[in-house]
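J.: Pasting the sequence and the predicted coordinates here, then a few questions.
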Amino acid sequence: MLYATKEDFGIDPTDVSKLDDSIVAFTDVISDPTLAIDQRKDDSIKVSQTIDAIRTLFKDKLDVLMRSFEVNKPSIFDLYRLARAIDVNGSVYALTA
């Protein structure tokens, strides 16, 4: 039987050692807390932008659409209005016309 050796592939022990060092360095970079902090900062900005887009959609589209239920289906409109009153800081948003 033929077995391949490290020398057949041009690998010597220093290459293996360099690879081990590179893996350790890579793991250190990945687990670096400053990277996690930077990622969290970016995610917070994206979350804020997404929430603003959702609020704009509600204000410009859904609030206007739900006004059509005010006369025909007042119970649905009241439930919607109550649901819209819930805000992060407890304030009530007025529906747009």
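T.: That came in fine, so what should we check first?
J.: how about the helices in this structure?
T.: 13-30, 33-57, 63-66, 69-72, 74-84 (DSSP state H).
J.: now, of these, which is deepest in the fold?
T.: helix 63-66 (a mean of 15; mean count of other C-beta atoms under 10 Å). Every C-beta, even on glycine, is put in place using the N, C-alpha and C of the backbone.
J.: who does that helix touch, helix- and strand-wise?
T.: Contact here means 3 or more C-beta pairs under 8 Å, 6 or more residues apart in numbering; DSSP states H and E; on that basis helix 63-66 packs against helix 74-84.
J.: ok so, going back, can I get the helices of the chain in a markdown table including mean pLDDT?
T.: Formatted as a markdown table, those follow (pLDDT from 0 to 100):
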| stretch | mean pLDDT |
| --- | --- |
| helix 13-30 | 80 |
| helix 33-57 | 86 |
| helix 63-66 | 86 |
| helix 69-72 | 89 |
| helix 74-84 | 86 |
